[in-house]
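J.: sequence and predicted structure, then a few things I'm wondering about:
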Amino acid sequence: MWLEQRLAAKRQKLWQADAPRPLGADRRLGCPGRLEGSALGLGSGSAAPRIRPARQRTAMGVLPLDGELVHRGRTAMPKTQLKRLVIEKFRALNNVEVEFGDYVTVVCGKNGTSKSSILGIAAQIFSFEKDYVQGGALSYRQVAGGTFKSKYSEHFRISDKFDVPGSMMVSIELLDGYTGKAATAKLELMSRGGSPRPVVRNNSTATGNSNTSRNFTHPVIHLSLRRLFPIADRDYKVIDFEYLGQHKQEFIGLTNELLNRNASLVTGTGGTISSAVAHGANYDQESVSAGEDNAGQIVLALMSFRKLKDEYAGYKGGLLLIDEADAGLFPTAQVNLLKILDRECRALDLQVVMTSHSPILIEHAFEQSQKFRRNYKTIYLSNTFGDVQVMQDWSWPQISADINTRTVAAPSGVSLPTPHIYFEDREAADFFAALVSRQPIKKFVKPMPDVTLGSSNYFHLIQKRVPEFSERSVICLDADQASKIAGKGFKTVCILPGDLPPDQLIFQHLWNLPAGDPFWRNELQFTRDVFTRSAAEVIREFAMDGSHGDVRAQLAAYTGAQVPREVFKRFYKDPDFASLVAAGSKAYNPWNHWVASNAEAVNDFLSRFKTSVHRVMRDGFAVDAAKLALLDVKLKKA
């Protein structure tokens with residue numbers, strides 16, 4: 001009822017029913033009482049659209065009371081739009097309300113605030129297999145052959161322990177183009193086929209005896225972080241996509257507009273990921289950068305919606321979801337992306353929902369939201385005040401002040417940027433947090449604990465000279481990667497201390513502590529007995545015995561079927577052990593104990609880390625050498 005009343009009260013804008021145009025054409029929607037030809041993207045010589053008396057009211061009451069838009073002999077058709085999600089509970093989200101813009105919604109926030117989960121929830125609401133109103137099957141395909149549906153396995157990793165039936169409850173409000181009505185439903189985690197998965201329930205558009213546990217019909221393309229899989233590591237082959245071959249200039253033109261390039265050729269690729277890239281005559285698809293590849297996949301998605309609109313007479317818009325939309329794009333390209341999306345949302349009746357950490361992209365979206373409040377939304381997720389909350393339309397200065405990624409003012413009045421610090425996994429991020437605890441340099445860097453890639457991915461991004469990784473951040477890799485970077489000249493890589501990956505290193509450290517060590521006498525009562533229970537699988541699988549263990553030696557002698565890395569990760573994620581690590585600055589955080597016990601190794605790391613940060617500040621951010629004195633570390637007493 002809320003949605004119907006709101007739409008009726010505001011007399012929603014008229015839907016345009018113009019004939020299809022080439023991708024990139026500007027088609028602005030008209031509004032009641034101002035239906036000039038130019039407002040609909042018509043030239044000065046084009047006939048203005050006609051307004052005629054309405055033949056009947058729709059069930060929604062969203063068309064003008066005095067008429068409906070008729071242009072070129074056709075009545076405008078409604079489109080499907082996601083309006084609001086009320087996430088009653090799902091992981092870190094409790095009683096969180098998200099309102100979407102008609103065109104572009106930018107979701108941002110601290111790491112671990114479930115930004116990507118919102119994209120996954122939005123994707124799971126829809127499928128595009130059947131028109132339940134007309135009863136016909138829908139078998140339309142994207143340019144590269146994929147369907148317009150995102151499987152839940154593509155955006156959710158379901159935890160058998162925590163993601164149990166009943167742990168997700170989401171209320172959905174949308175405008176359904178097929179029925180012409182405001183619609184509601186629930187999304188719940190239910191057991192289907194032996195494992196939990198999200199299921200739409202109480203679909204209000206299902207009438208009579210029809211199944212109410214079904215998705216809404218709407219085409220969706222979800223561009224997840226999987227699209228950033230390193231090109232060099234893909235199963236990679238050239239493919240001639242028919243539609244792309246027929247619309248090469250549209251693809252090239254949009255890519256050039258996005259990247260400020262002069263590409264003249266386009267190549268479609270398949271294998272691990274289906275994509276396409278625009279390039280010049282002096283290089284080909286094998287030589288493009290990660291940013292060019294990301295741009296190609298975004299443009300290909302837009303062209304897929306254009307293809308669908310051309311082929312499907314009942315087209316009612318689409319939903320494009322982009323995780324980390326700014327990945328690999330330089331600042332100007334990020335702004336260009338928003339301009340292109342604005343235009344294509346109008347032309348193709350699209351909604352775009354994206355996540356981003358980019359100050360430039362977020363601030364530009366905020367500026368647009370102040371001018372066009374219905375079309376643009378910036379949604380900031382914050383856990384500063386306890387549970388995750390949504391701060392609708394916060395400006396970038398407000399966001400920056402909350403997450404401390406803005407320029408940091410030093411006491412002397414000098415200001416410095418805050419480069420990002422990346423890791424292979426959460427264990428490494430926990431280790432790093434203890435290493436830099438109470439260090440002066442800490443406030444000038446921004447750890448990214450939830451952005452975790454394998455070492456080979458980082459190596460590839462550096463080799464491809466993606467600026468974020470090759471110039472403007474520090475990548476802290478596990479100790480077992482030291483031999484792989486020797487002589488490679490990876491100047492932004494800093495190896496963590498020790499001689500083992502963090503999860504193995506901390507296990508060995510605790511295993512070698514006797515039961516009488518003061519560490520075991522802590523307020524959580526995490527004793528050595530509790531530790532051995534938490535690490536039972538590790539101890540059993542790798543035959544750990546005695547009071548002093550050598551993990552490296554035991555792994556070298558291991559002949560079992562288990563993957564050692566997975567066994568140690570299960571130990572690290574044990575709830576009792578995790579509560580110990582979550583103690584932060586407390587002395588019984590095992591990482592703090594390791595740091596206090598290994599001054600020499602810690603000092604070596606701090607010195608190398610300081611050098612890495614200085615190099616990034618100097619070469620990546622052009623910081624004057626005189627200001628680098630502020631970026632200091634305090635060495636431990638041996």
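T.: Nice, I can see it.
J.: neighbouring strands - and their directions - for the lengthiest strand in the chain?
T.: If you go by DSSP state E, the chain has its longest strand at strand 181-192. Strand pairing for strand 181-192, determined by DSSP bridges: strand 169-176 (antiparallel), strand 195-201 (antiparallel).
J.: got those strands as a markdown table, with mean pLDDT columns?
T.: Shown next, in a markdown table, are the strands paired with strand 181-192 (pLDDT from 0 to 100):
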| stretch | mean pLDDT |
| --- | --- |
| strand 169-176 | 96 |
| strand 195-201 | 88 |
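J.: would you map the helices across the stretch 301-450 of the chain?
T.: With DSSP state H, counting those that start in this stretch as the criterion, the stretch 301-450 of the chain has helices at 331-348, 359-371, 396-403, 426-435.
J.: ah, wrong one, I meant the stretch 501-638 of the chain
T.: Under DSSP H, counting those that start in this stretch, the stretch 501-638 of the chain gives helices at 502-511, 528-534, 536-541, 551-557, 564-572, 575-581, 590-597, 599-615, 621.
J.: could you look over the ones you listed and pick the most buried one?
T.: Among the helices of the stretch 501-638 of the chain, ranked by average contacts under mean count of other CB atoms under 10 Å, first place goes to helix 502-511 (a mean of 24). Heads up, the C-betas are built off the backbone N, CA and C, glycines and all.
J.: next one: that helix to chain centre, how far?
T.: Relative to its chain's centre, helix 502-511 lies at 32 Å (CA atoms, centre = their mean, to the nearest Å).
J.: same question for stretch 442-457.
T.: Relative to the centre of its chain, stretch 442-457 is centred 15 Å away, using CA atoms, centre = their mean.
J.: what of stretch 503-514?
T.: Counting by CA atoms, centre = their mean, stretch 503-514 comes out at 35 Å from the chain centroid.
J.: contacts for that stretch next, please.
T.: For stretch 503-514, contacts defined as CB atoms under 8 Å, 6 or more residues apart in numbering pick out 427, 431, 479, 498-500, 519-520, 528, 531, 535, 538, 544, 547-551, 555, 564, 568-569, 571-572, 590-591, 593-594, 597.
J.: repeat for stretch 470-484
T.: Contacts of stretch 470-484 (CB under 8 Å, 6+ apart): 419-424, 428, 432, 445, 455, 458-459, 461-462, 464, 469, 485, 490, 492-502, 505, 609, 612-613, 616, 619-621.
J.: in it, what counts as buried?
T.: Using 16 or more other CB atoms under 10 Å as the test for burial, stretch 470-484 gives 470, 471, 472, 473, 474, 475, 476, 477, 478, 479, 480, 481.
J.: distance-wise, check the first one relative to residue 609.
T.: Put plainly, it is residue 470. 18 Å (CB to CB, to the nearest Å).
J.: before we move on, the earlier item: and the strands paired with strand 181-192: which comes nearest residue 183?
T.: strand 169-176 (4.2 Å; CB to CB).
J.: show me where pLDDT drops low in the stretch 301-450 of the chain?
T.: 385, 392-398, 400-401, 403-414 (pLDDT under 70).
J.: go on, the stretch 101-250 of the chain?
T.: For the stretch 101-250 of the chain, the ranges with pLDDT under 70 are 155, 231.
J.: helices of that one, residue ranges please.
T.: 115-124, 242-246, 248-259.
J.: tilt between the longest one and helix 331-348?
T.: Read it as helix 248-259. Using axes from the mean of the first three to the mean of the last three CA atoms, to 10 degrees, the direction of helix 248-259 lies 130 degrees away from that of helix 331-348.
J.: need the next SSE after helix 248-259, C-terminal direction.
T.: strand 265-271 (DSSP states H and E).
J.: strands paired with that following strand, and their directions?
T.: strand 236-238 (antiparallel), strand 275-279 (antiparallel).
J.: so which residue is dead centre in this structure?
T.: Geometric centre of the chain, nearest residue: residue 323, 3.0 Å, by CA atoms, centre = their mean.
J.: and the gap between the closest residue to residue 564 other than its chain neighbours and residue 223?
T.: Closest residue in space to residue 564, ignoring its immediate chain neighbours: residue 555 at 5.5 Å, by CB to CB, 6 or more residues apart in numbering. Note on residue 555: its distance to residue 223, by CB to CB, is 39 Å.
J.: on that earlier part again, among the contacts of stretch 470-484, which are in strands?
T.: 420, 421, 422, 423, 493, 494, 495.
J.: any idea how far stretch 461-481 is from the chain center?
T.: On CA atoms, centre = their mean, the centre of stretch 461-481 falls 20 Å from that of its chain.
J.: quick revisit: tell me which of the strands paired with strand 181-192 sits nearest to residue 232.
T.: strand 195-201 (33.6 Å).
J.: so that closest one versus helix 115-124, what angle?
T.: Using the same axes, to 10 degrees: strand 195-201 against helix 115-124 is 60 degrees.
J.: what lies in contact with strand 195-201?
T.: 121, 124-125, 152, 156, 158, 160, 163-165, 168, 172, 185-190, 192, 212-216.
J.: break the chain into its domains for me.
T.: 1-76, 420-600 (automatic domain parsing).
J.: residue 190: neighbour count?
T.: The tally of other residues near residue 190 (other CB atoms under 10 Å) stands at 14.
J.: count of residues packed around the closest residue to it other than its chain neighbours?
T.: Nearest non-adjacent residue to residue 190, counting by CB to CB, 6+ apart: residue 199, 4.5 Å away. Residues lying near residue 199 (other CB under 10 Å) number 19.
J.: who's residue 199 bridged to?
T.: residue 188.
J.: and it, how far is that from residue 418?
T.: 42 Å.
J.: residues touching the closest residue to residue 528 other than its chain neighbours, list them.
T.: Excluding the flanking residues, the one nearest residue 528 by CB to CB, 6+ apart is residue 515, at 4.4 Å. By CB under 8 Å, 6+ apart, residue 515 lies in contact with 527, 528, 529.
J.: list the contacts for the second one?
T.: The neighbours of residue 528, taking CB under 8 Å, 6+ apart as the test, are 513, 514, 515, 520.
J.: tally of neighbours for the last one?
T.: Residue 520 is surrounded by 18 other residues when neighbours are defined as other CB under 10 Å.
J.: the one 4 residues further on now?
T.: Each residue near residue 524 was counted by other CB under 10 Å, and the total is 13.
J.: cool, and residue 317?
T.: 23.
J.: hmm, it is touching residue 80, no?
T.: Yes. Taking contacts as CB atoms under 8 Å, residue 317 lies within contact range of residue 80: 5.5 Å.
J.: and for the two, which residues touch both?
T.: Common neighbours of residue 317 and residue 80 (CB under 8 Å, 6+ apart) are 177, 218.
J.: can you say which of the contacts of stretch 470-484 are buried?
T.: 419-424, 428, 432, 445, 455, 458-459, 461-462, 464, 469, 485, 490, 492-498, 500-502, 505, 609, 612-613, 616, 620.
J.: separation between residue 248 and residue 297?
T.: With the distance defined as CB to CB, residue 248 ends up 17 Å from residue 297.
J.: of those two, which one has the most company?
T.: residue 297 (19 against 16).
J.: flag every buried residue along the helix or strand harbouring the more buried one.
T.: Element membership of residue 297 [criterion: DSSP H and E] is helix 290-311. Buried residues in helix 290-311, counted by 16+ other CB under 10 Å: 290-309.
J.: would you mind pulling up the elements that that helix packs against?
T.: Here helix 290-311 touches strand 220-223, helix 242-246, helix 248-259, strand 275-279, strand 318-322, helix 331-348, going by 3 or more CB pairs under 8 Å, 6 or more residues apart in numbering; DSSP states H and E.
J.: one more time with 6 Å, if that's ok
T.: helix 248-259, strand 275-279, helix 331-348 (3 or more CB pairs under 6 Å, 6 or more residues apart in numbering; DSSP states H and E).
J.: quick check: which of those is buried the most?
T.: Among the helices and strands packed on helix 290-311, strand 275-279 has the highest mean neighbour count (mean count of other CB under 10 Å), at a mean of 24.
J.: what's the angle from that one to helix 290-311?
T.: Put simply, strand 275-279 runs at 110 degrees to helix 290-311, going by the same axes, to 10 degrees.
J.: thinking again about what came up before, minimum distance to residue 101: which of the helices and strands packed on helix 290-311 has it?
T.: Judging those by CB to CB, what sits closest to residue 101 is helix 331-348, at 9.1 Å.
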